[in-house]
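> Here you go, sequence then predicted model.
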Amino acid sequence: MKNGRVSGVCTHISECSQNQFEATDSFIYTKCDSDDFLIICCPTKFSSVNSISDRFENTRISEQKCKEYSAAIYVNSVFLPLSVGAPSIITKKEQCAHKIQPLVVGGEEARLHEFPHMALLGYVESNNKVSWDCDFYISRSDLKIVRLGELNYESTEDGAEPIDFGISKTFVHPKYDNPPDSSYNDIGILKLSGKVKLTPGVRPACLPTSAELSERSIATGWGQTLFAGSPSSHLLKTVLEKFTKKECKAVFKAGSINLPNGIDDSQFCVGHRTEIKDTCNGDSGGPLQNYHSSLKCMYTLYGITSTGQGCGIIGVPGLYIQIWNYIDWIENIVWS
């Protein structure tokens with residue numbers, strides 16, 4: 001069988017070596033009827049390790065890491081044979097919590113492990129109570145906790161197994177708050193206090209390979225469900241539409257305190273023209289993502305929620321930071 005460029009044979013994923021995995025850009029996935037084992041088209045011929053390195057030479061480190069992270073959707077399963085003395089069989093089973101669906105408009109609760117790249121920020125108050133929020137400055141001294149793998153932070157029966165980390169270092173973009181109180185370069189990075197074990201419920205999203213944004217994308221967060229309302233303890237998702245630059249500039253005009261020069265090329269708008277669908281207070285810093293174009297069960301992160309004119313107003317979009325403009329800065333910090 002061929003996947004378009006490389007000859008291969010159908011085999012179990014565990015029987016395909018790492019070098020063979022890396023020798024091709026795409027794989028043919030199918031499932032046996034008799035069990036739930038993952039079968040792939042494994043290349044039978046590949047030039048050499050050097051040719052693999054050559055192929056990656058012009059690939060961004062964020063693209064390479066994206067492919068590595070996608071392996072976390074598989075978990076090992078051990079099967080004990082019936083016959084005495086026979087070795088155990090170790091297989092890899094896919095555990096993907098989302099299926100690609102048409103991006104229809106409508107806010108709703110996210111499913112368990114549907115967005116495994118989501119993180120909650122915990123601000124420790126004077127009485128040691130933790131306030132979970134993504135709407136504050138990441139440089140605040142009371143920001144102490146990053147929680148991964150959460151679904152509903154007020155429930156212990158939602159099936160989630162969240163993990164809390166401390167923060168060892170904070171990186172604020174060097175041009176943020178210049179001019180003061182502006183929304184330009186509204187992006188930062190937190191370095192966690194420990195290593196993260198990737199699982200089907202905790203896995204990074206991919207960074208974009210271009211500035212191109214789909215007509216519809218998915219916004220997620222634990223923010224307010226309406227303006228001046230209460231935040232949601234359960235992770236929410238909604239599908240938003242892309243607004244044109246002209247439409248965006250009509251809402252976010254130059255001369256305001258946070259946008260004295262109007263919007264620039266590192267910012268864009270999404271919202272909805274006919275429905276009350278939007279991100280809201282408490283969602284700032286949250287992602288705007290879409291299904292990855294080629295990697296199974298992965299998302300690509302295109303934007304970060306920045307600011308808005310209220311929220312949930314029909315025809316009035318929110319303002320987002322365009323991740324593509326900051327790829328070099330992100331890569332230099334995360335993978336330097």
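That came in fine, so what should we check first?
> can you pull out the helices in the stretch 101-250 of the chain?
Under the criterion DSSP state H, counting those that start in this stretch, helices of the stretch 101-250 of the chain are mapped to 245-251.
> Under the pLDDT cut-off, which ranges of it? List them.
When residues are selected by pLDDT under 70, those of the stretch 101-250 of the chain lie in 101-107, 134-136, 224-230.
> what do you get if the cut-off is 50, keeping everything else the same?
105, 226-228 (pLDDT under 50).
> Please enumerate the strands of it.
In the stretch 101-250 of the chain, the segments counted as strands under DSSP state E, counting those that start in this stretch are 108-109, 119-124, 130-132, 143-148, 163-165, 167-172, 188-192, 216-221, 236-242.
> after the longest strand along the chain, next one along is what?
Criterion DSSP state E: the longest strand present in the chain is strand 299-308. As assigned by DSSP states H and E, the chain's next helix or strand after strand 299-308 is strand 318-322.
> What strands flank that following strand, and is each parallel or antiparallel?
When pairing is defined by DSSP bridges, strand 318-322 lines up against strand 267-271 (antiparallel), strand 299-308 (antiparallel).
> Tell me what angle that strand forms with strand 216-221.
Strand 318-322 and strand 216-221 are oriented at 100 degrees to each other (axes from the mean of the first three to the mean of the last three CA atoms, to 10 degrees).
> Redo the strands paired with strand 318-322 as JSON lines? Include distance to N128 and mean neighbour count.
All C-beta atoms are positioned from the backbone trio N, CA, C, and that covers glycine. Listed next are those as JSON lines, based on distance: least, CB to CB, whole Å; neighbours: other CB atoms under 10 Å:
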{"stretch": "strand 267-271", "distance to N128": "38", "mean neighbour count": "25"}
{"stretch": "strand 299-308", "distance to N128": "29", "mean neighbour count": "23"}
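> could I get those as a markdown table with distance to N178?
Output for the strands paired with strand 318-322, formatted as a markdown table (distance: least, CB to CB, whole Å):
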| stretch | distance to N178 |
| --- | --- |
| strand 267-271 | 15 |
| strand 299-308 | 15 |
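> Could you dump these into TSV and include mean pLDDT and distance to A250?
Formatted as TSV, the strands paired with strand 318-322 follow (pLDDT from 0 to 100; distance: least, CB to CB, whole Å):
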stretch	mean pLDDT	distance to A250
strand 267-271	94	10
strand 299-308	92	14
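> Identify whichever of those strands lies nearest to P317.
Among the strands paired with strand 318-322, the nearest to P317 by CB to CB is strand 267-271 (3.1 Å).
> Alright, that wraps it up for me.
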